[in-house]
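In: Got a predicted structure here, sequence first:
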Amino acid sequence: ERLRANAASAVYYRRREANVGRKAGNIADWVRRFGGAYEQMLMLDADSLMSGETILRLVSAMERHPSAGLIQTLPLVINGETLFARCLQFGSRLYSRVAWAGLSWWSGAESSYWGHNAIIRVQAFADCCGLPDLKGPRPFGGKVMSHDALESALIRRGGWGVHLAPFMEGSYEEAPPTLPDFAARDRRWAQGNIQHLKLLGASGFHWISRLQLLIGASAYLMSPAWLILIAT
């Protein structure tokens with residue numbers, strides 16, 4: 001109510017009665033019900049932040065490049081209070097831009113999407129990003145967990161560009177405060193990324209999109225392989 005009283009534009013708050021499909025279901029519900037009124041949407045998580053200037057730059061970039069379906073910024077870690085979070089924050093500041101610059105160079109318009117701190121063309125998302133239920137029992141069947149990487153592949157399959165903006169300032173996120181919190185998040189990512197192995201043969205994917213999905217799964221598959229090599 002305070003924001004509405006002081007904002008220079010219309011402000012709406014929406015809370016679903018049935019939280020079906022987690023975050024992906026929430027986004028799908030908004031796109032179906034309200035997405036047609038908007039050209040673009042800005043995706044933020046509860047622990048992410050973006051400056052007003054950065055948002056305006058993203059909107060301008062989307063308007064100047066009508067073939068772009070998604071532009072992903074680099075969110076640097078902020079507000080770390082524990083030693084663990086401060087170490088993650090230091091590492092983020094030290095090497096993230098270098099790593100993302102290389103990733104942006106080789107992936108081009110077939111870049112990936114991290115699910116937040118990105119601007120998305122609503123038409124591209126609505127036309128391309130209906131998610132399947134995967135066959136088989138859990139944990140690798142059912143709803144797609146790491147939906148963001150799959151959504152970027154689907155947007156690219158639809159003919160839209162997916163780009164990284166590694167040098168754009170003003171994009172931030174928070175990190176898990178402890179190692180158990182980090183491990184819980186990583187377990188969800190491991191489950192979701194390994195699910196992508198079932199989708200590598202989907203028709204129409206760009207080969208770099210397939211490579212992105214394979215790299216994400218391999219990041220977790222190589223850990224037990226490494227352990228086996230150490231043990232033998």
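Out: Happy to help now that I have it. Numbering: from 1, shown residues only.

In: ok, S112 to R210 distance?
Out: Separation of S112 from R210 (CB to CB, to the nearest Å): 12 Å. Backbone N, C-alpha and C define where each C-beta goes, glycine included.

In: Just want to know which of the two has more residues nearby.
Out: Higher neighbour count among S112 and R210: S112, with 24 against 17, using other CB atoms under 10 Å.

In: wouldn't the more buried one be in contact with L211 here?
Out: No - if you go by CB atoms under 8 Å, S112 and L211 don't touch, sitting 10.0 Å apart.

In: Am I right that A175 is in a strand?
Out: No - going by DSSP: H, G, I helix; E, B strand; the rest coil, the assignment for A175 is coil, not a strand.

In: burial count for it?
Out: Neighbours around A175, by other CB under 10 Å: 21.

In: Could you do L42 as well?
Out: For L42, using other CB under 10 Å, the count is 15.

In: cool, and M145?
Out: Counted by other CB under 10 Å, the residues lying close to M145 total 23.

In: contacting residues for P180?
Out: P180 sits next to no residue when contact means CB atoms under 8 Å, 6 or more residues apart in numbering.

In: Quick check: phi and psi on it?
Out: Dihedral angles of P180 (phi, psi; degrees, to the nearest 10) stand at phi -60, psi -40.

In: Over to M43?
Out: According to degrees, to the nearest 10, M43 has phi -100, psi 120.

In: Mind listing the residues bridging to it?
Out: Residues in a beta bridge with M43, per DSSP bridges, are A118.

In: What number of residues are in the vicinity of it?
Out: Other residues near M43 come to 20 when the count uses other CB under 10 Å.

In: R121 touches W160, doesn't it?
Out: Yes - using CB under 8 Å, R121 makes contact with W160 at a distance of 6.8 Å.

In: what do these two both touch?
Out: Among the neighbours of R121, those also in contact with W160 (CB under 8 Å, 6+ apart) are A68, G69, L70.

In: In CSV, list those residues along with distance to E17.
Out: Listed next are the shared contacts of R121 and W160 as CSV, based on distance: CB to CB, whole Å:
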residue, distance to E17
A68, 34
G69, 30
L70, 29
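
In: What is the nearest of those residues to V59?
Out: Using CB to CB, the shortest approach to V59 within the shared contacts of R121 and W160 belongs to A68, at 11.4 Å.

In: What residues sit buried inside the one helix or strand R93 maps to?
Out: Per DSSP states H and E, R93 falls inside helix 83-107. Across helix 83-107, burial judged by 16 or more other CB atoms under 10 Å covers F84, A85, L88, Q89, S92, W100, S104, S107.

In: what's the farthest-apart pair in these?
Out: F84 and S107 (29.9 Å).

In: Mind jotting down where the strands sit in this structure?
Out: With DSSP state E as the criterion, the chain has strands at 40-43, 48-50, 68-73, 76-77, 118-121, 161-165, 171-173.
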